[in-house]
Each structure stands twice: as C-alpha cells, then as structure tokens.
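Asks: Fold the following.
(chains A and B)
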Amino acid sequence: EAEVAQSPRYKITEKSQAVAFWCDPISGHATLYWYRQILGQGPELLVQFQDESVVDDSQLPKDRFSAERLKGVDSTLKIQPAELGDSAMYLCASSLAVGGMGIQYFGAGTRLSVL
Amino acid sequence: QKEVEQNSGPLSVPEGAIASLNCTYSDRGSQSFFWYRQYSGKSPELIMFIYSNGDKEDGRFTAQLNKASQYVSLLIRDSQPSDSATYLCAVIGGSNYQLIWGAGTKLIIKP
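Replies: Here you go, the predicted structure:
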C-alpha cells in the first residue's frame, strides 16, 4: 500500500539550531501539505503545495520557517533558528485531488523536541 | 473565523457499547467532512468521509451528517479497546477549500 514517507521520525535539537524535515508523498499526488500539531490540538496547516507551487503559506512563520518542493515531488521543511515553542509533531500529508478537495493521507510524522 | 468544535473528552464507553462522537462546524458552505483517528504519538488515520446529508456506514463505523444543523457525528458500534484513541473531525469549506480541524475527542473504551 502506498504511503507518505517522512524522515526523521524523531529529532532533538537545541534552540537556535537549524532543523530540516523531509517528505515524499504518495506517487501521483499533486497536493502536499505540511502541518504542525501541538499536543491536545488539531493539526495546523503551515503550507500547501500544488505541484511545485505554494498555494497557501499564510500560517507559516516566514522569519524562521521555509518550505520547498522544487520538482513537485518530495518536499523539505526547514526551521532556522529553532525555538523552544517549535516543539511539536510535524506532519506531512498528500492528496490526489487538485485544489484541496480530496482526502488527505498522512505520513508518520516527525516529533521535534527543542531543548 | 471558520471553526470546528468537538468535546475534548475524555469520553469513556464500556467495551461492546456504542460510542458517539459529535462535531459542529460554523461555515454553512462546508462541503466535505472527515473523521480521523489518532493514536497517542501517531499520525492521523482516515476513518470515514461523508459529503451528503444522512448516514454512511462502513463496518462498525457510521458517519452522520446534518447540514441544516451543521453537525457531523461518528458512531462506533461494538466498541473495542483498540478503538481507544483521539478522534479528529475535519471539514472542507470556504473559497480556499482549506481543511479545518477540530481539537479532537479522546475516547476510552473500558474492558
């Protein structure tokens, strides 16, 4: 069964360091999402890609976060510098449908701890 | 601000009973409705989706949608301890088709 691949599964870093997360969506899925989930809350959308283009990054803290999907396939989310408040689960999801109407399938996530 | 509201729980249900999870949404133009299950420390997993008013059944799970009252519910029949998890309601609506998430209801099935 096709899956969304994410790495690493866990990341521990010190504040002010740089971290990067990688996501490979299900083959053929044009839409890719990065979410942040804090314990006890629902996922919060950080950025949405349609192929290689950013559709929505209104909730992305652009002073420290960046995301790219250069060839419209896999994607990288970077945080520089990391802050204590960035500790959370970072989830990647993909969808076959264009325009955000489709079912989203999630990867296993990356648990980030900033010390 | 478009919102999706869920009771945070925990909701405790005896094994074998019916668990009923509810979700209300504020955007009357919402079109698609999803229930995801999330085990502790894991990522969300799709359980059900529903687009039309009424009931949709899949095994032990039934999703119910009432657009007039702006609520969607999930029923789990013959609840099992393995159903213990947080259930997230998510709704697509509005002009940008963004998925709006509730905070989730924690369900505990007691043996």
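Asks: Average pLDDT for stretch B:5-15, rounded please.
Replies: Stretch B:5-15 carries an average pLDDT of 94.
Asks: scratch that, stretch A:66-85
Replies: 95.
Asks: Residues contacting it, please?
Replies: Residues outside stretch A:66-85 that contact it (CB atoms under 8 Å, 6 or more residues apart in numbering or on different chains): A:13-25, A:30, A:32, A:34, A:46-47, A:49, A:51-52, A:54, A:57, A:60, A:64-65, A:86, A:90, A:92, A:112, A:114-115. No exception for glycine: its C-beta is placed from N, CA and C like everyone else's.
Asks: Enumerate the positions of it that are buried.
Replies: A:S66, A:A67, A:R69, A:S75, A:L77, A:I79, A:A82 (16 or more other CB atoms under 10 Å in any protein chain shown).
Asks: closest to chain B among these?
Replies: Closest approach to chain B among the buried residues of stretch A:66-85 (CB to the nearest CB): A:L77, at 15.0 Å.
Asks: does that closest one have beta-bridge partners, and which?
Replies: A:F21, A:A67 (DSSP bridges).
Asks: Now do it against B:S20, distance only.
Replies: 37 Å (CB to CB, to the nearest Å).
Asks: what does chain B have sitting close to chain A?
Replies: B:4, B:8, B:31-32, B:34, B:41-46, B:49, B:88, B:90, B:92, B:96-99, B:101-104 (CB under 8 Å from any CB of the partner chain).
Asks: Swap in 10 Å and give it another go.
Replies: Counting by CB under 10 Å from any CB of the partner chain, the positions of chain B adjacent to chain A are B:4, B:6, B:8, B:31-32, B:34, B:36, B:38, B:40-46, B:49, B:51, B:86, B:88-90, B:92, B:94, B:96-104, B:106.
Asks: filter those to the buried ones?
Replies: B:4, B:6, B:32, B:34, B:36, B:38, B:43-44, B:49, B:86, B:88-90, B:92, B:97-104, B:106.
Asks: Quick check: the farthest pair among the buried residues of stretch A:66-85?
Replies: Farthest apart among these by CB to CB are A:R69 and A:A82. That separation is 21.4 Å.
Asks: Just list the residues touching A:L39, thanks.
Replies: Shown in contact with A:L39 (CB atoms under 10 Å, 6 or more residues apart in numbering or on different chains): A:S87, A:A88, A:M89, B:S40, B:G41.
Asks: Below-threshold pLDDT in the chain: ranges please.
Replies: Because you didn't say which chain, this covers chain A. A:98-101 (pLDDT under 70).
Asks: I was after chain B.
Replies: B:1-2, B:94-96.
Asks: from the middle of its chain, how far away would the biggest strand by length in it be?
Replies: Counting by DSSP state E, the longest strand found in chain B is strand B:85-93. How far strand B:85-93 lies from its chain's middle: 5 Å, per CA atoms, centre = their mean, to the nearest Å.
Asks: contact partners of whatever helix or strand comes next after it?
Replies: Downstream of strand B:85-93, the next assigned helix or strand under DSSP states H and E is strand B:98-101. For strand B:98-101, contacts defined as CB under 10 Å, 6+ apart pick out A:33, A:35, A:37, A:41-45, A:48, A:55-56, A:58-59, A:93, A:95, A:100-104, B:1-4, B:6, B:25-27, B:30, B:32, B:34, B:36, B:44, B:88-94.
Asks: list the helices and strands the longest strand of chain B packs on?
Replies: Packed against strand B:85-93 by the contact rule (3 or more CB pairs under 10 Å, 6 or more residues apart in numbering or on different chains; DSSP states H and E) you find strand B:4-6, strand B:19-25, strand B:32-38, strand B:45-50, strand B:71-76, strand B:98-101, strand B:105-110.
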